[in-house]
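Everything below, folded, please.
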Amino acid sequence: MNSPNINKSSTSVAQNTFFYGWIIVVASTILLTMNYGIFYGFGVFFKPLMADFGWSRATTSGIQSLFFVFYGCFALAGGWLAERFGPARVLAISNFVAGLGLVLASHASTLWQFYATYSVMTGIGIGSNFTISMSTTARWFLSRRGLALGVVACGSGLGTFAIVPVLERLIAAYGWSGAYMIMGFAVWVIMVSCAMLLRRDPEQMGLRAYGVEALLPELNAGVAGEIRRDGSDATRFLLAAIRTKALWLLIATFFMFIFCVQVIMVHLVNYATDTGVTPSVAATIISVIGIGSLVGRLSMGIAADRIGSKNALIACCLVLPISLLWLIFVKQIWMLYIFAICFGLSYGGDVPQIPSLVAYFFGLRAASVLMGAVSLGGVLGGAVGSWVAGQLFDMTQGYQVVFIISGVAAIISFILALILKRGLPHQESAQY
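So this is what the prediction gives:
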């Protein structure tokens, strides 16, 4: 009889003190800043590696493509492990492995050594940072979830804006080897420390999610109830979700979207320097993408609370092909900067919608695993996009065909976002 009163009292006290969920937001933002600095930093390593080893663009792109494959696989596996062992333990260990991969990559002298260290170890090591950080944040917030996820997703833009130019400067000062070494030690110090601050959910600390009193208007109770009947096991939950059309549409949408994103993020510096732009200026173009990405993450994170995550996704998927069409006709540096802003807005606004849409369709019961599945689809698209772009350049000695194909992929992503519907494990919902 006394338990409800005790719980109510303890919750009331918790709400009147500092909410630990904001620590989760800060730690997750820093994790993603470092994560995407590594993720998108390969573009500034591309030509120095080609120059030292004499590789073709397809071969050099293959290093990043293999990285994407392992990154995506561990996005799913890491989400499953986080459900069992908690986010702090999983991310602390995996980011230690990521740092070790970078340190070892600094001494690599052959292609297979880059595959084993950077592509495999670092890919696995940072693969689950996004899915675990975002799904953990989503669990801590009921109201203002779009804002919280938008802030955390800003880490990706911050990494692109701040870390990539720093890496270019480190390469200029110490070579690609020294830059990898410094980055590896930074991962050990910063990312492992932030990972240790994460807690799976508020209940673990005797708290409630922010705004738990309010109803979650976008949650499809039918979907959550249907899947919950499969029990608490995350693997069984994923198998139930796999039978829904909604999950496959989400995966396909993000596959095509990230295909385009990685073509740009891996090859834009190459394209710019091919036209006579200096490497330092080319790095600033990536920074401008980061600025646009930051604006997109915050604005679309907030907008998703008002217009819904599905509409926010459609808006982002509409801007992407428009920006790629513009890129085909770019002739001057100022046109590249305009492209960078528009592309950054689209790419940035897209990222916070992944966890929101997972919650929208399936609830939060196994959010890490389902986010891992959607992210796996996205990064596999990125792996294909990066390698295809390098292969097509070697065949055509230019990027025009690459950009046209990317534009088509972006249009397909937009169409998939339009037809995205809610789905149940065994039937389709008529609601939108």
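
Need the residue closest to the centroid of the protein.
Of all residues in the chain, the one closest to the mean position by Cα atoms, centre = their mean is Phe130, 5.2 Å from it.

so how far is Gly276 from that one?
Distance from Phe130 to Gly276, counting by Cβ to Cβ, to the nearest Å: 35 Å. Bear in mind the C-beta positions are built from the backbone N, C-alpha and C, glycine included.

quick one: the residue nearest to the centre of the chain and Asn35 touch, right?
Yes. Counting by Cβ atoms under 8 Å, Phe130 touches Asn35, with 6.6 Å between them.

Spit out the residues that contact the two alike.
Ser156 (Cβ atoms under 8 Å, 6 or more residues apart in numbering).

if we can go back for a sec, the residue nearest to the centre of the chain and Asp394, how far apart?
31 Å.

Burial check on Ile302, number of neighbours?
Using other Cβ atoms under 10 Å, Ile302 is surrounded by 17 other residues.

pretty sure it is touching Ala148, no?
No. Between Ile302 and Ala148 there is no contact under Cβ under 8 Å: 10.6 Å.

so where is the chain shaky, pLDDT-wise?
For the chain, applying pLDDT under 70 flags the ranges 1-17, 212-235, 301, 363-368, 421-432.

where do the strands sit along it?
Along the chain, no segments are classed as strands by DSSP state E.

check contacts around the residue nearest to the centre of the chain.
Leu32, Asn35, Ala75, Ser156, Met371, Ser375.

Pipe the residues you listed into CSV and attach distance to Thr136 and neighbour count per row.
Shown next, in CSV, are these (distance: Cβ to Cβ, whole Å; neighbours: other Cβ atoms under 10 Å):
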residue, distance to Thr136, neighbour count
Leu32, 12, 27
Asn35, 14, 28
Ala75, 14, 28
Ser156, 16, 27
Met371, 10, 29
Ser375, 14, 28
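
just those residues now: which is nearest Gly348?
Of all those, Ser156 has the smallest distance to Gly348: 7.2 Å, by Cβ to Cβ.

Could you double-check that that closest one sits in contact with Val351?
Yes. Counting by Cβ under 8 Å, Ser156 touches Val351, with 5.8 Å between them.

which residues do the two both contact?
With Cβ under 8 Å, 6+ apart as the test, Ser156 and Val351 both reach Arg297.

quick revisit: looking at the contacts of Phe130, which is nearest Val103?
Closest to Val103, out of all of these and judged by Cβ to Cβ, is Asn35, at 16.9 Å.

Excluding sequence neighbours, find me the nearest residue to the closest one.
Among residues not flanking Asn35 along the chain, Asn129 sits closest, at 4.2 Å (Cβ to Cβ, 6 or more residues apart in numbering).

Please apply the same query to Ala98.
Gly125 is the one closest to Ala98 (Cβ to Cβ, 6+ apart), at 2.5 Å.

what number of residues lie near that neighbour?
Gly125 has 28 nearby residues by other Cβ under 10 Å.

Likewise for Leu418?
There are 13 residues near Leu418, going by other Cβ under 10 Å.

Let me see the contact set for the residue lying closest to it once chain neighbours are set aside.
Spatially, and ignoring its direct neighbours in sequence, Leu418 is nearest to Ile314 (6.2 Å; Cβ to Cβ, 6+ apart). Contacts for Ile314 (Cβ under 8 Å, 6+ apart) come out as Phe414, Ala417, Leu418.

do Phe45 as well
Per Cβ under 8 Å, 6+ apart, neighbours of Phe45: Leu167, Ile171, Trp176, Ala179, Tyr180.

Leaving out the residues flanking it, which one is nearest to the second one?
Spelled out, it's Ile171. Ala179 (4.8 Å).
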